[in-house]
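Visitor: coords please:
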Amino acid sequence: MIPVLLAVAGAVIWMPKWWRVAQREHYLPGSVNTTLFRWLETAPLPNMGLAPLGLILVVATILLDGSARLGALAAVVVIAAITPIGLPLRGRTSKLRFTRRMKTTAVLSILFWAAALWLLSVFAATSSAAAICSLFGCVAVDAALTVAVPLESRLAKRFQTSAEERLRAVAPLVIAVTGSYGKTSTKEHLAALLGPIRPTVASPASWNNQAGLSRAINEHLSSSTEVFIAEMGTYGKGEIRRLCGWIKPEVVAITAIGPVHLERMGSIDNIVEAKMEIAESAETVVLNVDAPELAEQAERIAHTHRLIRCSGKRDSVADVRVSTDNSGGDLRVDYFTESYPLGSLHDSVQSSNVAVAAALAVEAGLAPDRLGALVEGLETGEHRASVSVTDSGLTVIDNTFNSNPAGARVALATLLARSREGRSIVITPGMVELGDQQESENAEFARLVVESGGELVIVGRTNRRALRRGASAVGGIVIEVSSRDAAREWVRLNLSAGDGVLWENDLPDHYP
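Guide: Numbering: from 1, shown residues only. Alright, predicted model coming up:
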């Protein structure tokens with residue numbers, strides 16, 4: 001009985017820790033063990049010592065007996081509770097929330113873990129069974145996430161059916177937007193352009209999957225809604241196709257292609273295929289041809305779809321452009337053969353996103369001659385390269401949401417332009433979910449920061465090695481801090497009026 005009580009006492013500590021990781025990773029099967037191995041690789045001391053020690057102690061519970069066996073079990077329980085060292089038990093950036101889905105995950109985890117403990121006890125000593133279930137307990141959480149997939153799909157289907165009925169009843173023009181990055185900003189730009197002329201609803205925040213879009217439709221569409229803008233995300237092939245199967249967008253857009261989520265998608269080709277699913281049944285397709293992959297896709301579908309090519313570059317042959325005029329001076333919005341002056345764009349607004357939004361807005365009924373006046377007032381949402389100046393005169397660029405290589409370079413250019421008279425500081429934990437390109441992309445960004453005259457402050461350990469390598473390749477010296485709070489303190493002590501700081505990305509605390 002004592003071994004079981006020890007194991008249960010340990011599980012009370014470590015299991016909620018892994019539940020929180022599962023919640024932060026959107027309940028993806030396998031995400032718990034992926035997080036564990038990330039910590040073992042990135043923060044090996046003392047974690048890589050504790051892992052083999054735990055295995056040795058598990059073997060000890062098989063070979064020893066009496067109080068020695070119980071002592072080995074107690075040590076295993078402690079190791080399971082504290083490993084990986086550095087991963088907060090309760091969380092600093094986001095607490096565990098017992099939503100309906102979290103409760104389902106918790107119940108299934110407990111059932112799997114208890115069943116494994118009972119089954120192992122049939123074939124081995126209870127102490128050994130308890131030690132194995134303690135050391136490898138996080139497997140039970142991943143098993144729960146895997147088993148819950150069909151259950152969650154069945155539950156989500158009910159809300160989807162309700163959303164389908166509402167869509168049929170309201171019958172708005174449905175516009176869908178996807179892309180490796182830029183889709184949320186483009187969606188918000190489009191909603192701002194259409195708001196003055198038609199009752200428009202855009203899916204909130206990043207509600208871009210089956211559950212989020214069902215909720216957006218059920219909670220926000222009213223009988224007066226004329227346009228519904230659906231942001232669509234994906235972690236693999238088939239997901240966008242399924243979304244389009246019931247949302248049925250008439251006009252669609254792809255904003256960009258890049259290595260975002262490459263870790264899960266496998267290759268850029270897979271990303272292109274997954275994103276292009278949005279175009280399969282649409283009447284009109286809007287593509288940002290500044291992305292070479294989308295320029296290729298534009299040629300492929302030019303004879304099968306009504307196609308609008310968009311660009312943020314003057315020398316592009318796109319149908320819709322937002323760029324400077326031929327002299328390199330004033331901005332203009334070019335819509336096919338028509339051209340309209342544009343005073344300026346906010347620092348945080350990317351011209352290619354605006355071009356896509358402008359094309360979509362005209363498709364939804366906005367007169368092209370109104371583009372210039374409306375586009376000039378566009379802004380991006382919070383944490384997307386937003387620029388502010390503190391009371392002390394420090395320029396702050398907040399680009400902490402969903403960092404990607406292209407957006408990071410744009411944000412860096414904004415920093416350098418805004419802090420010419422002072423220091424230019426980039427504070428970052430680096431970019432993640434870039435698959436086999438993650439190390440090279442982070443090293444390249446660090447190199448670019450230093451070569452541009454900026455200084456680099458590295459937060460945490462996740463990409464520290466790659467960022468160090470990129471900076472040192474061009475003779476740069478980096479500053480390393482353990483957390484975002486430590487970085488804030490460094491800024492307070494070291495920067496002053498005229499200086500600029502770019503906060504590039506902000507990883508949740510289940511990353512090292």
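Visitor: Please make it C-alpha for all contacts and neighbour counts, starting now.
Guide: Will do.
Visitor: Which helix in this structure has the most residues?
Guide: Identified as the longest helix of the chain according to DSSP state H is helix 138-170.
Visitor: got the angle between the next helix or strand after that one and helix 138-170?
Guide: Sequence-wise, the next helix or strand downstream of helix 138-170 (DSSP states H and E) is strand 173-178. For strand 173-178 against helix 138-170, the angle by axes from the mean of the first three to the mean of the last three Cα atoms, to 10 degrees is 150 degrees.
Visitor: Give me the distance from strand 173-178 to the chain's centre.
Guide: Its chain's C-alpha centre and that of strand 173-178 lie 20 Å apart, by Cα atoms, centre = their mean, to the nearest Å.
Visitor: by contact count, what packs against that strand?
Guide: Where contact means 3 or more Cα pairs under 8 Å, 6 or more residues apart in numbering; DSSP states H and E, strand 173-178 is packed against helix 183-194, strand 227-231, strand 251-254.
Visitor: what do you get if the cut-off is 10 Å, keeping everything else the same?
Guide: In this structure, strand 173-178 packs against helix 183-194, strand 200-202, strand 227-231, helix 239-247, strand 251-254, helix 268-276, strand 284-288, helix 351-363, with contacts taken as 3 or more Cα pairs under 10 Å, 6 or more residues apart in numbering; DSSP states H and E.
Visitor: What pairs with it, parallel or antiparallel?
Guide: Strand 173-178 pairs in its sheet with strand 227-231 (parallel), strand 251-254 (parallel), by DSSP bridges.
Visitor: and among these, the most buried is which?
Guide: Ranked by mean neighbour count, these are led by strand 251-254 with a mean of 28 (mean count of other Cα atoms under 10 Å).
Visitor: what's the next secondary structure element after that one?
Guide: helix 262-265.
Visitor: got the buried residues for that following helix?
Guide: Neighbour counts over helix 262-265 (16 or more other Cα atoms under 10 Å) mark 262-263, 265 as buried.
Visitor: go on, stretch 413-433?
Guide: Buried residues in stretch 413-433, counted by 16+ other Cα under 10 Å: 414-416, 418-419, 422-432.
Visitor: now do stretch 357-364
Guide: Here stretch 357-364 shows 357-362, 364 as buried, counting by 16+ other Cα under 10 Å.
Visitor: With stretch 172-184 instead?
Guide: For stretch 172-184, a neighbour-count test (16+ other Cα under 10 Å) marks 172-184 as buried.
Visitor: avg pLDDT for it?
Guide: Regarding stretch 172-184, the rounded mean pLDDT is 96.
Visitor: so how far is that stretch off the chain centroid?
Guide: Distance, stretch centre to chain centre, for stretch 172-184: 16 Å (Cα atoms, centre = their mean).
Visitor: Show me which helix or strand of the chain is least confident by mean pLDDT.
Guide: One helix or strand of the chain scores below all others by mean pLDDT, DSSP states H and E: helix 262-265, with a mean of 84.
Visitor: Other residues contacting that one?
Guide: With contact meaning Cα atoms under 10 Å, 6 or more residues apart in numbering, helix 262-265 is reached by 180, 234-237, 259, 268, 270-272, 274, 432-438.
Visitor: Just the buried ones from those?
Guide: 180, 234-237, 259, 268, 271-272, 274, 432, 434-435, 437-438.
Visitor: what pLDDT does the residue nearest in space to the middle of the chain get?
Guide: Ranked by distance to the mean C-alpha position of the chain (Cα atoms, centre = their mean), the top residue is residue 402 at 4.6 Å. pLDDT for residue 402: 73.
Visitor: need the contact list for the closest residue to it other than its chain neighbours.
Guide: Of all residues not flanking residue 402 in the chain, residue 505 sits nearest, at 6.5 Å (Cα to Cα, 6 or more residues apart in numbering). Residues near residue 505 by Cα under 10 Å, 6+ apart: 383-384, 398-404, 408, 427-432, 459.
Visitor: for residue 364, phi and psi?
Guide: Here is the backbone geometry of residue 364 (degrees, to the nearest 10): phi -90, psi 0.
Visitor: which residues touch it?
Guide: By Cα under 10 Å, 6+ apart, residue 364 lies in contact with 173-175, 190, 193-194, 197-198, 226-227, 251, 358.
Visitor: for residue 166, same thing?
Guide: Residue 166 neighbours (Cα under 10 Å, 6+ apart): 160, 214, 217-218, 221-223.
Visitor: Of these, select the buried ones using a ChimeraX command.
Guide: The buried residues among these can be selected in ChimeraX (16+ other Cα under 10 Å) with this line:
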select :160,214,217,218,221,222
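Visitor: can you list the weak-confidence ranges in the chain?
Guide: Scanning the chain for pLDDT under 70 picks out 325-329.
Visitor: Was I right to think residue 118 contacts residue 132?
Guide: No: with contact defined as Cα atoms under 10 Å, residue 118 does not count as touching residue 132 (11.6 Å).
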